[in-house]
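> sequence and computational prediction follow.
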Amino acid sequence: MGVDYYNILKVNRNASEDDLRKSYKRLAMIWHPDKNPTTKRSEAEAKFKQISEAYDVLSDPQKRQIYDLYGEEGLKSGQCPPPPPSTSRHYFQRQHPNPSFRFKPRDAEDIYEELFGSESGGGGGNERGNYSRGPFRSNTNNSSSSSSSGSSYYGNGGDMKKANAIENLLLCSLEELYTGAKKKMKICSNIFDGSGHGKQMCVMQILGSRCVVCLDGIDVSWGYADFSKVRTLEEILTIEIKPGWKKGTKITFPEKGNQEPGIIPADVVFVVDEKPHATYVRDGNDLVIKQEITLLEALTGKTLDLTTLDGRNIMLSLTDIVKPGFEVVVPNEGMPISKEPGKKGNLRVKIDVRYPSRLTSEQKFELRRVLGGVS
C-alpha cells in the first residue's frame, strides 16, 4: 500500500471525521516546526508534512475511498495497480471510482490554519510569519512512513488513551558510565489496520543478551482486497550513554510500542542499571576504592598504584602515619558529572591496616625498644 496514512495519524481504518480531526490536532501540536528546536526542525517539517497529507487524504471521502481500495499508488497515479502475483480468493477486479480524478495535495499550512484558526500560533511564542515564510511552505507529493520519535501531547487527544510505558533494564558497566558508550537495541513492533490482529513487540540487545520482552501473537493471511494485514516493523535503536549517567536514568523512545485500535502506542523506556565492579564502588559522583596495607607500611610509608576506569595509572604516596579508617581524597578523579561537562567527583581511597596475627618475643622487645618513647 505504500504510505500508511492510518498509521501516520495513529487511527484505525474505521476512524470518524471527528477522530481524524482530534488525532491531527494532537500530532500537529507535537510536530509543528515552530514547536521544535532548531536541531530538529528538518525532522519536524518532514513529519508535519506527512501528518498533513494523511489528514488531507483521510478527511476527503473521495480520496479516502480511492486510497482504501488501491493504496497510495492508485491514489497518486490515478490508475488501479495490478493484482499481486499470487492472487487469492479475496481479490476481485475493480474499476477506478473516478477515472478523471487527479491527486492534488493541500498545503500543510492551509490545513493547519483551517483547523486551528487563530487559537494557536504554531511556534510556542514565535510569530506565525516566521514559519509561513520558511522552507516548509511548499507542496510535495512525497512522504515517508517512518515511525515518529516525538513526544505525546494530550491537549486535543480526544478519547484516545496512551498505553502504559514498556520499561526494560539497560545494564551498563561502570567503565561505560565513566567514558560513555553506545548500545544498540532491536525492537519489533506491529502495525495495526484496525482488524484486531497483530504481533506483540520484542526488545533485544544486539550482539548478545536475551530478549527482554517477547510475546507471541497471531499472523493472519490476507488477500489483495482484504486489509487484515499485519506488518511487523523491525528497528534498531541506538542509545548513547553519556559519561556520568547514574542508575535509574531513563531513556525514552516515544510511541515505539505496539499499536492497538484507539490507543496511542506505548513509549519504550530503558532504565540504566549498574553492573557491580570488581574494584570500585560508586557513591553519587564519587568513586570509592579500598586498599589494604601492612602495619609496617602504615608506619613507614607506602606508594599505591591505582588504575582508573579509563585505564590510566595514578601513583598515590602515603608519607604520613596511617591510622585505621584513614581516607585519602583525590579531587576530580571520580565519576564525570553529566550536568557539568569537564567536572568530576572525587576518588576516595579508604585505607585498611592489616595487623600481624602474632608477634614473637624478640619482635615485641624490638617494638618496645623502638616505640617505647614515642607518644
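Cool, got the structure. Numbers count the residues shown, from 1 in each chain.
> hey, C-alpha coordinates of the helix or strand containing Ser23 in CSV?
Using DSSP states H and E, Ser23 falls within helix 17-31. Extracted C-alpha coordinates of helix 17-31, given in CSV (Å, rounded to 0.1, in the frame of the first residue of the first chain):
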residue,chain,number,x,y,z
GLU,A,17,-14.1,12.6,10.8
ASP,A,18,-14.0,13.7,14.4
ASP,A,19,-11.4,11.0,15.2
LEU,A,20,-9.2,12.2,12.3
ARG,A,21,-9.5,15.9,13.4
LYS,A,22,-8.6,15.2,17.0
SER,A,23,-5.7,13.0,16.1
TYR,A,24,-4.4,15.5,13.6
LYS,A,25,-4.6,18.3,16.2
ARG,A,26,-2.7,16.3,18.7
LEU,A,27,0.1,15.3,16.3
ALA,A,28,0.3,18.8,14.7
MET,A,29,0.9,20.3,18.1
ILE,A,30,3.8,17.9,18.6
TRP,A,31,5.4,18.3,15.1
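> following element in sequence after that helix, please.
Taking DSSP H and E, what comes next after helix 17-31 is helix 41-58.
> quick one, that following helix and helix 17-31 angle?
Between helix 41-58 and helix 17-31, the angle comes out at 170 degrees (axes from the mean of the first three to the mean of the last three CA atoms, to 10 degrees).
> now do the helices in the chain.
Assignment of helices within the chain using DSSP state H yields the ranges 5-9, 17-31, 41-58, 61-77, 108-116, 128-132, 174-179, 295-300, 361-371.
> pick the most deeply packed of the ones you listed.
Across these, averaging neighbours per residue (mean count of other CB atoms under 10 Å) puts helix 5-9 on top, at a mean of 24. Every residue, glycine included, has its C-beta placed from N, CA and C.
> low-scoring stretches of the stretch 101-250 of the chain, by residue?
Within the stretch 101-250 of the chain, the stretches with pLDDT under 70 are 101, 117-159, 191-231.
> where does the stretch 251-375 of the chain dip in pLDDT?
261, 373-375.
> can you rerun that using 90?
254-267, 323-325, 339, 341, 367, 369-375 (pLDDT under 90).
> tell me where it has strands.
263-264, 268-274, 280-283, 286-294, 302-307, 313-318, 327-330, 347-354 (DSSP state E, counting those that start in this stretch).
> Glu45 is nearest to which of the ones you listed?
strand 263-264 (22.5 Å; CB to CB).
> just checking, what packs against the closest one?
Applying 3 or more CB pairs under 8 Å, 6 or more residues apart in numbering; DSSP states H and E, one finds that strand 263-264 contacts strand 161-162.
> hmm, try it at 6 Å
Using 3 or more CB pairs under 6 Å, 6 or more residues apart in numbering; DSSP states H and E as the contact test, no helix or strand touches strand 263-264.
> the helix holding Ser23 to helix 108-116, inter-axis angle?
With the same axes, to 10 degrees defining the directions, helix 17-31 sits at 120 degrees from helix 108-116.
> rewinding a little: nearest to Val322 among the helices of the chain would be which one?
Taking those one by one with CB to CB, helix 295-300 is closest: 4.1 Å.
> what's next to the closest one, contact-wise?
Ile321, Val322, Val353, Tyr355 (CB atoms under 6 Å, 6 or more residues apart in numbering).
> how much space separates the first one from Leu371?
Looking back up the chat, that one is Ile321. Between Ile321 and Leu371 the distance is 11 Å, computed by CB to CB, to the nearest Å.
> kindly provide the distance from the closest residue to Ile264 other than its chain neighbours to Pro265.
The spatial neighbour of Ile264 that comes closest, neighbours along the chain excluded (CB to CB, 6 or more residues apart in numbering), is Lys162 at 4.1 Å. Per CB to CB, Lys162 is found 8 Å from Pro265.
> repeat that for Glu45.
23 Å.
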